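>>> Would you be able to build a 3D model of this:
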Amino acid sequence: MKKIGEDLWVHEDAMSLLGTQLRLRMTIVSLANGSLWVHSPTKLSPELMAETKKLGPVAFIVGAANGHNIWLQEWQDAFPDAAIYVSGGIPKKVKLKNYQVLDQTCKNVWEDDLACEYMLGVPFFMESVFLHKKTRSLIVTDLIQHYSDERPSGWAGFVTRFIFEPIGFKGTCVAPPLKMGFMIKDKTNFAVCIKKVQNWDFERIIVTHGDIIESDAKQIFTGLCERFQK
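Here you go, the predicted structure:
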């Protein structure tokens with residue numbers, strides 16, 4: 001666990017994907033009442049559980065995009081008193097006991113600490129993005145990604161070079177599926193959502209995949225998402 005701002009921590013991890021290692025990041029916010037908000041939980045080890053408990057009681061566990069469901073159930077089992085908030089596709093994959101779906105009708109119960117925007121028009125992701133107001137940190141799951149890793153050797157390097165990089169998993173990028181026009185079912189409302197996020201006051205982007213964007217975050221976001229405003 002690494003503290004990166006006031007009441008803000010991240011945990012770095014990875015998962016295997018087609019023989020490569022996909023970097024993952026969990027973000028934890030200590031809310032104004034002292035409880036914890038956990039975004040995109042990573043694999044829960046005894047050490048990670050102990051570190052988390054030292055920070056405070058876990059009140060909310062958030063899976064904010066459809067592909068981020070792998071460890072939600074074990075976090076719910078470990079912290080049964082926590083409220084679970086997930087994207088609309090996750091309950092079809094994980095047998096969660098109680099949960100709230102993140103969508104345009106979901107009330108932002110973290111309003112004092114976090115702004116929230118649901119990305120309308122992209123059912124593949126059903127992603128919600130957040131702004132930690134205190135540290136001016138935009139928190140995303142798949143929308144923005146930032147890869148600076150050197151290409152690995154062997155099979156992982158082959159997959160990276162001939163599969164992942166050609167479809168857009170390289171450098172600072174929007175999620176490659178978003179570059180395919182047919183993935184965005186409602187371009188008008190999606191553009192409105194992107195504009196709302198762009199107008200937030202942030203200076204950092206905490207991505208779930210790759211390096212945190214610490215410099216020129218607003219300009220980078222605007223440049224990457226310009227395509228959606230046309």
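
>>> Now do the helices in the chain.
For the chain, the helices defined by DSSP state H cover 46-55, 72-78, 154-159, 187-198, 217-225.

>>> By mean pLDDT, show me the worst of the ones you listed.
With a mean of 55, helix 154-159 has the lowest mean pLDDT of the helices of the chain.

>>> and of the helices of the chain, who's closest to Gly34?
Nearest of the helices of the chain to Gly34, taken as C-beta to C-beta: helix 46-55 at 9.4 Å. Heads up, the C-betas are built off the backbone N, CA and C, glycines and all.

>>> could you say what helices and strands the closest one packs with?
strand 8-17, strand 20-30, strand 36-39 (3 or more C-beta pairs under 8 Å, 6 or more residues apart in numbering; DSSP states H and E).

>>> mind listing what the nearest residue to Ala115 once chain neighbours are set aside touches?
Leaving aside its sequence neighbours, Ala115 sits nearest to Leu131 (C-beta to C-beta, 6 or more residues apart in numbering; 4.0 Å). By C-beta atoms under 8 Å, 6 or more residues apart in numbering, the residues touching Leu131 are Leu114, Ala115, Cys116, Ser137, Leu138, Ile139, Val197, Trp200, Asp201, Phe202.

>>> same question, Leu48
By C-beta under 8 Å, 6+ apart, the residues touching Leu48 are Met1, His11, Thr42.

>>> circling back: so which of the helices of the chain comes closest to Gln145?
So among those, helix 217-225 is nearest, using C-beta to C-beta, at 9.7 Å.

>>> what comes up buried for that closest one?
By neighbour count on 16 or more other C-beta atoms under 10 Å, the buried set for helix 217-225 is Ala217, Lys218, Phe221, Leu224, Cys225.
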